[in-house]
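Trainee: I would like the atomic coordinates for the input below:
(chains A and B)
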Amino acid sequence: MSEVLVLVDHVDGAVRKPTYELLAIAKRIGSPSAVFIGGADKAAAAADAVKAYGADKVYVVDDAEIKGYLVAPKAEVLQQLAEKASPAAILIPASAEGKEIAGRLAIKLSSGLITDAVDVQVDGGEIVTTQSVFAGNFTVDAKVVKGTPIIAVKPNAAAPEEGAGAGAVEQFAAAISDGAKTAQIVAAQPRQATGRPELTEAAIVVSGGRGTGGDFTAVEGLADALGAAVGASRAAVDSGWKPHTFQVGQTGKVVSPQLYVANGISGAIQHRAGMQTSKTIVAVNKDEEAPIFELVDFGVVGDLHSVLPAVTAEIEKRKG
Amino acid sequence: MTLSNIVVLVKYVPDATGDRKFEADNTVDRVGVDGLLSELDEYAVEQALQIKEKRADEEITVTALTVGPAEAEAAVRKALQMGADKAVHVQDDAIAGSDAVATSLVLAKAIEKIGVPELIVGGLASTDGGMSVVPAMLAERLGLPQVTLAAVVETQGDQVRIKRDGDTATEVVGGTLPLVLSVTDQSGEARYPSFKGIMAAKKKPLETLALADIGVDASEVGLDAAWTKVDATTARPPRTAGEIVKDEDGSGATALVDFLASKKFI
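Mentor: The predicted structure is shown next:
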């Protein structure tokens, strides 16, 4: 069975959830080979983690020489691995960095690239992807017709599947060109841990907009009762109530959770582009004419400052 | 290194507030709909102009570059009205239906034709295709580094420093010219063309190039040359109308919790 390369998304060795989703997709296509580019001392733990989710092989690339350099060295690593392993496909998380790696890799390998896939299936031996475009108003089925399919996959495109793979670890020494070691991260301020799930990965997202008036207490209370991530509309971010990293929308994060709860958000096209593909949508808004109500499975016309605390209290009560 | 040339990549896209759709061959309908300069590219034009203004002692030429059908001239016109010095429009019937790979090829060849500048600036994504990969592909083709998704841009001499919101951290990224830069909508409000700017734009040079002018063979671009193929495009079915209740004395909260419980979210 052909190998399928999966670029491991991790923070300092801690493997992130989208990696497991990619491994589940890789199993549909062939034999998953995880590619870990990171610190040599973190490799063993990361290899164990991806093995538990089905990696048959783990390529370990020590990043001592390339740490901090942007995307170009990682694209060279994947190019060299692809030339060695002739994989059936290369799967990369559709993060900002992942897409740039994928873009460079596509040119290097003269291979077609599909970004932001929300589903990947094998149909009659062909790899078929699904994308959501035009603010979620259309879905597009596409496939790669040249070279090795390179697919950047969005979070939540598949459910992680536990089940150990062979997990054979192989050290891979990539030859990185000097030209790839140019643009560099000179300082990084890790985001303060909120104790909540990451916005793009969360199964439930609770967002607040202009209607909060800048007070997110009720929104955050409900988010914590549901174990959800907190998001914000552009209006709330532009007002300075939440940093841009919270923004859901075309120019912020595009999320596709199981449940999206929009509070005090009117539902402008900008925002809809970021959440319209959520499985279940709920809204609370004072204005019954708000366009967000056109999207919802369930809506409450009311003041979020009184409705949300009551909802939170009721949830806590039922949870016992 | 002094900075003498900046090329800004701009795209003509269907108006996102209008009714966007696909043609029978599954390419984006770019003719039968109202189009305009992609809003996200306005921020790229703005940053290029700001860099030029901050480095007033250097003779910097800002060139807006677009690839697209005849209508796409509107995109570079807008850039000229905002303050770009000149414009280049690559237009060729063979380009229609090109994917990002082919688009990056056309851009790379056009840039080589007009002269590789010290700085190439693009937006965060187009508002139609929205792949956000063209700057990376272009950088790869030109053998340049890329610093992308900048919320804050500073340049000094040949050094570029940007600040951006990474996936897990706020990062400061540094690079040395020449390079490819992309900027987000956080980088600063884009200026409106002034009346003076609109009048001046009419006299600014706008060069139209065909594929033959930049040494690209028609067989390398267009729908048939694409490395990916779209099998189907499907309009999302309208969401079936949900249940909407009016909150009266807490009734809304109870109803909402009942709904969430019925869907097993609690």
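Trainee: quick one, grab the pLDDT at residue B:167.
Mentor: The predicted local distance difference test score for residue B:167 is 69.
Trainee: and residue A:19, by the same measure?
Mentor: For residue A:19, pLDDT reads 97.
Trainee: these two touch, right, it and residue A:35?
Mentor: No: the criterion here is C-beta atoms under 8 Å, and residue A:19 misses it with residue A:35 at 10.1 Å. In short, each C-beta sits where N, CA and C put it, glycine included.
Trainee: with neighbour numbers in mind, choose between the two.
Mentor: Set residue A:19 next to residue A:35 and count neighbours by other C-beta atoms under 10 Å in any protein chain shown: residue A:35 wins out with 26 against 23.
Trainee: quickly list what the more buried one is bridged to.
Mentor: With DSSP bridges applied, the residues forming beta bridges to residue A:35 are residue A:7, residue A:59.
Trainee: residues contacting it?
Mentor: A:5-8, A:58-59, A:61, A:77-78, A:81 (C-beta atoms under 8 Å, 6 or more residues apart in numbering or on different chains).
Trainee: near residue 229, how many other residues are there?
Mentor: Since you didn't name a chain, this refers to chain A. For residue A:229, the neighbour count with other C-beta under 10 Å is 24.
Trainee: switch to chain B, that's the one I care about
Mentor: Taking other C-beta under 10 Å as the criterion, the count of residues near residue B:229 is 16.
Trainee: quick check: buried residues in the host helix or strand of it?
Mentor: Residue B:229 is located in strand B:228-235, with elements delineated by DSSP states H and E. The neighbour-count criterion (16 or more other C-beta atoms under 10 Å in any protein chain shown) identifies B:228-230, B:233 as the buried residues of strand B:228-235.
Trainee: check stretch B:254-266 too.
Mentor: By neighbour count on 16+ other C-beta under 10 Å, the buried set for stretch B:254-266 is B:255-257, B:259-260, B:265-266.
Trainee: contacts made by it with the rest, please.
Mentor: Looking at what lies outside stretch B:254-266 - C-beta under 8 Å, 6+ apart - the contacts are A:204, A:226, A:258-259, A:280, A:282, A:284, A:297-298, A:300, A:307, A:310-311, A:314-315, A:318-319, B:243, B:245.
Trainee: flag the shaky bits of the stretch 201-320 of chain A, pLDDT-wise.
Mentor: Applying pLDDT under 70 to the stretch 201-320 of chain A picks out no residues at all.
Trainee: nearest to chain B within it, name that residue for me.
Mentor: Of the residues in the stretch 201-320 of chain A, the one nearest chain B is residue A:302, at a distance of 2.8 Å by C-beta to the nearest C-beta.
Trainee: list the contacts for residue B:22?
Mentor: Residue B:22 makes contacts with A:138, B:28-29, B:233, as judged by C-beta under 8 Å, 6+ apart.
Trainee: between those residues, which is closest to residue A:290?
Mentor: Nearest to residue A:290, judged by C-beta to C-beta, of the contacts of residue B:22 is residue A:138 at 23.9 Å.
Trainee: and for residue A:44, the neighbour number?
Mentor: Around residue A:44 there are 13 other residues, counting by other C-beta under 10 Å.
Trainee: how about the nearest residue to it, chain neighbours excluded?
Mentor: By the measure of C-beta to C-beta, 6 or more residues apart in numbering or on different chains, the closest residue to residue A:44 outside its immediate chain neighbours is residue A:169, 7.9 Å from it.
Trainee: what's in contact with the helix or strand where the one you found lies?
Mentor: Taking DSSP H and E as the criterion, the element that holds residue A:169 is strand A:168-171. Contacts of strand A:168-171 from elsewhere in the structure, counted by C-beta under 8 Å, 6+ apart, are A:43-44, A:47, A:56-60, A:62.
Trainee: surely residue B:43 meets residue B:181?
Mentor: No: at 11.3 Å, residue B:43 and residue B:181 do not qualify as touching, with contact defined as C-beta under 8 Å.
Trainee: and the two? Which one has more around it.
Mentor: The neighbour count for residue B:43 versus residue B:181, taken as other C-beta under 10 Å, is higher for residue B:181 (31 against 25).
Trainee: quick one: contacts for that one?
Mentor: B:47, B:119-122, B:135, B:146-148, B:150, B:153, B:160, B:162.
Trainee: go with 6 Å
Mentor: When contacts are counted by C-beta atoms under 6 Å, 6 or more residues apart in numbering or on different chains, residue B:181 touches B:121, B:147.
Trainee: and the stretch 1-150 of chain B, which residues reach chain A?
Mentor: For the stretch 1-150 of chain B, the contact set with chain A under C-beta under 6 Å from any C-beta of the partner chain comprises B:20, B:131-133, B:136-137, B:140-141, B:145, B:147, B:149.
Trainee: tell me where the stretch 1-150 of chain B has strands.
Mentor: Using DSSP state E, counting those that start in this stretch, the strands of the stretch 1-150 of chain B run over B:5-9, B:12-14, B:35-37, B:61-67, B:86-90, B:119-122, B:146-150.
Trainee: among the ones you listed, show me which one is buried the most.
Mentor: Each of the strands of the stretch 1-150 of chain B was scored by mean neighbour count; the highest is strand B:119-122, a mean of 28, by mean count of other C-beta atoms under 10 Å in any protein chain shown.
Trainee: which ones among the buried residues of strand B:228-235 also lie next to chain A?
Mentor: On the criterion C-beta under 6 Å from any C-beta, B:228-230, B:233 are the entries of those that sit beside chain A.
Trainee: just checking, residue B:29 touches residue B:20?
Mentor: No: counting by C-beta atoms under 6 Å, no contact exists between residue B:29 and residue B:20, whose distance comes to 7.3 Å.
Trainee: neighbour count winner among these two?
Mentor: Between residue B:29 and residue B:20, counted using other C-beta under 10 Å, the more crowded position is residue B:20 (21 against 14).
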